[in-house]
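# Structure of the sequence below:
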Amino acid sequence: MRRQGKIGQLLLIVVSILIMLFLLAPIIAVVGGSFSGESYFSFPPKTLSFRWYIAASHNSEYLNSLANSLKVAATATIVSAIICLPASVAIFKGSRGFTSFMQKVFMAPIFLPAIVWGVGMLLLMGKIGVRGSFPLLVAAHVVLITPYLIRVVGSSLEEFNFTLEDAAVSLGATPSQTFFHVTLPLISPGVIVGAVFGFMVSFSELIITLFIAGSSFTTFPVRVYSEMRTEGLNPMVLAYSTIIIVVVLLVSIVGEKCARWSRFFS
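Residues are numbered from 1 along each chain as shown. As a prediction, the model looks like this:
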């Protein structure tokens, strides 16, 4: 029995390692291919070179599209956070039935396919005669990422003791003082985690942006997709992707270390 137990444990370890390698294989291929000196995607790379990183730092079209994605994601995240903070507090101060219902309402956009949102926004733009623009793109991304912020901020509020607000009011604090000096500091880890997650979702959004973005305002995912359709994979994209992977990994490590943010997704 003891021998069978050891065999089972060894088999579990091997299967776990194989699954991890399967999940990490695309990332390994991207990172490895970004250091290739060839003019096409090659993995494992035949020669090691920083050629594509140098090219990425000088390509104005990709840098502009990257800046556009950062602008849209940052603006949409800020607007969504402004909406979600009071909404989440109001929802979780209500009755259990009201809280459950409103959570489902705010989470509804997640279950609607992105292509449906894209087609709907395109039809609405045609109906009201509005062409793709930065404010319209931000509004669409706000709708897209708000459910994620509501979910994460809501998880933070589930651990919040609302009697602390009553104590602050009883000591003479105004509602705004109570919110900014008591509630917000205590739920700030959840707000930051939700904002970071919403930013990443907005930054990587392709389908909705592809439908409603104008030709004069191209985001990074749209440029990558459009170029791949016509010219194939540009190895320079692998360099950008590797940089993004490293940034996300560092943010995740810092977030987990400082705020233990994995608890908000449990």
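# What ranges does this protein have for its helices?
For the chain, helices defined by DSSP state H occupy the ranges 2-34, 51-56, 60-93, 96-111, 114-128, 134-158, 163-170, 175-178, 184-204, 207-212, 220-231, 235-259.
# any chance of those helices in a markdown table, plus mean pLDDT?
A markdown table is the format used below for these (pLDDT from 0 to 100):
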| stretch | mean pLDDT |
| --- | --- |
| helix 2-34 | 79 |
| helix 51-56 | 82 |
| helix 60-93 | 86 |
| helix 96-111 | 71 |
| helix 114-128 | 75 |
| helix 134-158 | 82 |
| helix 163-170 | 78 |
| helix 175-178 | 80 |
| helix 184-204 | 84 |
| helix 207-212 | 80 |
| helix 220-231 | 80 |
| helix 235-259 | 80 |
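# okay if I get the ones you listed as CSV plus distance to P45 and mean neighbour count?
The C-beta positions use only the backbone N, C-alpha and C, and glycine is treated the same way. Formatted as CSV, the helices of the chain follow (distance: least, CB to CB, whole Å; neighbours: other CB atoms under 10 Å):
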stretch, distance to P45, mean neighbour count
helix 2-34, 6, 11
helix 51-56, 10, 18
helix 60-93, 21, 18
helix 96-111, 38, 13
helix 114-128, 34, 14
helix 134-158, 36, 21
helix 163-170, 56, 13
helix 175-178, 57, 12
helix 184-204, 25, 20
helix 207-212, 31, 21
helix 220-231, 20, 15
helix 235-259, 10, 16
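# Export these to TSV and append columns for distance to Y40.
Shown next, in TSV, are those (distance: least, CB to CB, whole Å):
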stretch	distance to Y40
helix 2-34	9
helix 51-56	11
helix 60-93	18
helix 96-111	38
helix 114-128	31
helix 134-158	33
helix 163-170	60
helix 175-178	59
helix 184-204	25
helix 207-212	26
helix 220-231	11
helix 235-259	7
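# how about those helices, which one is nearest P44?
helix 2-34 (5.9 Å; CB to CB).
# Okay, angle between that closest one and helix 235-259 too, please.
130 degrees (axes from the mean of the first three to the mean of the last three CA atoms, to 10 degrees).
# need the contact list for the nearest residue to N64 once chain neighbours are set aside.
Using CB to CB, 6 or more residues apart in numbering and skipping residues adjacent in sequence, the residue nearest N64 is T218, 7.8 Å away. Contact partners of T218, counting by CB atoms under 8 Å, 6 or more residues apart in numbering, are N64, S65, N68, S226.
# how far away is the residue lying closest to V31 once chain neighbours are set aside from R223?
Distances taken as CB to CB, 6+ apart put T242 closest to V31, at 5.0 Å, once the chain neighbours are dropped. Remark: distance between T242 and R223 (CB to CB, to the nearest Å) = 17 Å.
# got it, and C84?
Taking CB to CB, one finds C84 at 29 Å from R223.
# repeat for F217
With CB to CB as the criterion, F217 and R223 are 11 Å apart.
# swap in K71?
14 Å.
# what does I243 give?
Relative to R223, and taking CB to CB, I243 is found at 16 Å.
# swap in A81?
Distance from A81 to R223, by CB to CB: 27 Å.
# Equivalent analysis for F106, please.
Distance from F106 to R223, by CB to CB: 31 Å.
# With S241 instead?
In terms of CB to CB, S241 sits 13 Å off from R223.
# now swap in I128 and tell me
27 Å.
# Likewise for I150?
For I150 relative to R223 (CB to CB), the value is 30 Å.
# same question, I253
29 Å.
# Just give the number of residues close to the residue nearest to K46 when sequence neighbours are not counted.
Counting by CB to CB, 6+ apart, K46 lies nearest to E38, which is 6.3 Å off, once chain neighbours are set aside. Number of residues near E38 (other CB atoms under 10 Å) recorded here: 15.
# just the one 10 residues further on next, same as before
Residues contacting L48 under the criterion other CB under 10 Å number 10.
# Not counting sequence-adjacent ones, nearest residue to it?
Excluding the flanking residues, the one nearest L48 by CB to CB, 6+ apart is F35, at 5.2 Å.
# Give me the phi and psi for the one you found.
Main-chain dihedrals, F35, degrees, to the nearest 10: phi -100, psi 10.
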